[in-house]
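Take this sequence and fold it.
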Amino acid sequence: MLALAGYPLGLKFQFLDPAAGSPAGQIAPQTVADYDDPAALAGLETCDVVTFEFENVPDQAADRLAAATRVYPPPAALRVSQDRLVEKRCLASLNIATPRFEPVHDEASLRQAIDRLGLPCVLKTRRFGYDGKGQCVLSHGSDLPGALALVGQGPLILEEFVAFDRELSIVAVRAQDGSVASYPLIENRHEGGILRRSTVPSDTQPAVEQEAAASVQRLLEHLNYVGVLTVEFFEVAGRLLANEFAPRVHNSGHLTIEAARTSQFENHLRAITGLPLGATDCPAPAAMLNLIGTLPDKAAVLRVAGTHYHDYGKEVRPGRKVGHITITANTRAELEARVAEVSALLHPSSR
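As a prediction, the model looks like this:
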């Protein structure tokens, strides 16, 4: 999606991905190698600018490239995002509210952290977890044996369980000259730890929207950031708690391809190549539905007015994001009717 947004700007791309036949490799040259492969990294050192769209790339690889060419977002931001404890402490230092949290490194510290936070709570690996992986919810004392299975898998963090009203995200972009633009808050729905639907507008109060925009701007400036960054929030009775941030283009922002005047992908490229940022407003209601583990009938989906079909060219397997559908409409009522029609095609047994 970055390359598709960049070709109209006259940009050329080279991708590094350990998976042969990756979606990016279907539309631009791809080096198939590990992210820290020395020869592969040497091949990227001649690029005018290097970026990443996956926060689990080794920060040492980003550091090596930064010594030879421009790397945006900066490797320091990558390091902060890769450790949930460091990330939470960074957010707290900027007066961005988060769920309460405690570091955990063994059984004793886990029990002490549970005493301080109380039940329910969530135990997470500090590194490499995504889409609900590396997490364990503790609701009762009887859940402790299951949580102990995570102990020994590296450093952990225990967080209070948040009974949120909604999940929201704000996608923002900062240019090399320090200018910042934010997209409207996006409402998200997850199932099994995987994003299923994103909707804009989120119909939040203006004060909540302003708080989110101010928070993400403080974070962008603190990190001396260049590119797109997303902060995920829990909304609780009109109050925002930052869950985590992603130093990259974000799944919830996929709807900006059709919904916004300038997509997150184009704005990311504008930022890292020194171009002016584009407008981030979304003129009409829109929703994005992730396609998880299966692809629906394309023709049937496209018969629904306002639909835009994205097939990533991935091998289909359970639990894998293999595409998405964006739906646009003139009104929220019209949008919900179209979403219901498309959802029936994704889950025919629920009709």
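
By mean pLDDT, which helix or strand of the protein comes out lowest?
helix 144-148 (a mean of 80; mean pLDDT, DSSP states H and E).

And it, how far out from the chain middle?
28 Å (CA atoms, centre = their mean, to the nearest Å).

Stretch 310-323 now?
The answer for stretch 310-323 is 17 Å, by CA atoms, centre = their mean.

which residues are contacting that stretch?
The contact list for stretch 310-323 (CB atoms under 8 Å, 6 or more residues apart in numbering) reads 23, 26, 131, 192, 194, 251, 254, 257, 290-295, 298, 309, 324-326. Quick note: C-beta positions are derived from backbone N, CA and C, even for glycine.

try stretch 141-160
With CB under 8 Å, 6+ apart as the contact definition, stretch 141-160 has outside contacts at 83-85, 88, 99-107, 110-111, 113-114, 117-119, 121-127, 134, 136-138.

which residue packs closest to the spatially most central residue of the chain, ignoring adjacent ones?
Most central in the chain under CA atoms, centre = their mean is residue 250, positioned 3.6 Å from the mean C-alpha point. Sequence neighbours aside, residue 230 is the residue nearest to residue 250 in space, at 3.7 Å (criterion: CB to CB, 6 or more residues apart in numbering).

Would you list the buried entries among the contacts of stretch 310-323?
Buried subset of the contacts of stretch 310-323 (neighbour count, 16 or more other CB atoms under 10 Å): 23, 131, 194, 251, 254, 257, 290-292, 309, 324-326.

Now do the same for the residue nearest to the centre of the chain: its pLDDT.
We have a pLDDT of 97 for residue 250.

What is the burial count for residue 97?
Residues within reach of residue 97, counting by other CB atoms under 10 Å, total 16.

returning to that earlier point: distance of the residue nearest to the centre of the chain from residue 269?
Distance of residue 250 to residue 269, computed by CB to CB, to the nearest Å: 15 Å.

Phi, psi for residue 322 please.
Backbone torsions of residue 322, given as degrees, to the nearest 10, read phi -110, psi 0.

okay, now the spatially closest residue to it that is not a sequence neighbour: neighbour count?
The shortest distance from residue 322 to any non-neighbouring residue, by CB to CB, 6+ apart, is to residue 314 (4.7 Å). The number of residues packed near residue 314 is 17, by other CB under 10 Å.

Residue 173 should be in a strand, yeah?
Yes. Under DSSP: H, G, I helix; E, B strand; the rest coil, residue 173 sits within a strand.

Show me where the stretch 51-200 of the chain has its strands.
70-71, 101-104, 121-125, 135-138, 156-160, 166-174, 180-182, 186-191, 194-200 (DSSP state E, counting those that start in this stretch).

Let me know the average pLDDT across the shortest one.
Looking at strand 70-71 alone, the average pLDDT works out to 98.

Secondary structure element holding residue 4?
Element membership of residue 4 [criterion: DSSP states H and E] is helix 2-6.

residues making contact with that helix?
Helix 2-6 is contacted from outside by 11, 13, 15, 24, 27-28, 51, 53, 249, 257, 263, 265-266, 268-269, using CB under 8 Å, 6+ apart.

now do stretch 46-58
Contacts with stretch 46-58, where a contact means CB under 8 Å, 6+ apart, come from 2, 14, 35-36, 44, 62, 65, 69-73, 78, 81-82, 128, 130, 227, 246-249, 268, 272-273.

Tell me which entries of the residues you listed lie within helices.
2, 44, 62, 65, 78, 81, 268, 272 (DSSP state H).

Grab the nearest non-local neighbour of the third one.
On the basis of CB to CB, 6+ apart, the spatially nearest residue to residue 62 that is not a chain neighbour turns out to be residue 75, at 3.9 Å.

gap between the one you found and residue 115?
According to CB to CB, residue 75 stands 37 Å off from residue 115.

Likewise for residue 18?
From residue 18 over to residue 115 (counting by CB to CB), the distance is 42 Å.

ok, the two, which is more surrounded?
Applying other CB under 10 Å to residue 18 and residue 115 shows that residue 18 carries more neighbours, namely 13 against 10.

Identify the residue spatially nearest to the more buried one, adjacent ones excluded.
That would be residue 34: by CB to CB, 6+ apart, it lies 5.3 Å from residue 18.

Pretty sure that neighbour sits against residue 19.
No. Between residue 34 and residue 19 there is no contact under CB atoms under 8 Å: 10.7 Å.

Could you pull out the residues contacting both of the two?
Common neighbours of residue 34 and residue 19, counting by CB under 8 Å, 6+ apart, are absent.

just to revisit the earlier point, chain center to the helix or strand that comes right after the helix holding residue 4, what's the gap?
Heading C-terminal from helix 2-6, the first helix or strand you meet, by DSSP H and E, is strand 15-16. With CA atoms, centre = their mean as the basis, strand 15-16 stands 20 Å off its chain's centre.

Strand 15-16 packs against which elements?
On a contact count with 3 or more CB pairs under 8 Å, 6 or more residues apart in numbering; DSSP states H and E, strand 15-16 meets strand 30-31, helix 38-44.

Buried residues of the last one, list them for me.
Judged by neighbour count (16+ other CB under 10 Å), helix 38-44 contains these buried residues: 40, 41, 44.

distance of the residue nearest to the centre of the chain from residue 87?
15 Å.

Next: residue 266.
In this view, residue 266 and residue 87 are 27 Å apart by CB to CB.

Please consider this matter closed, and thank you.
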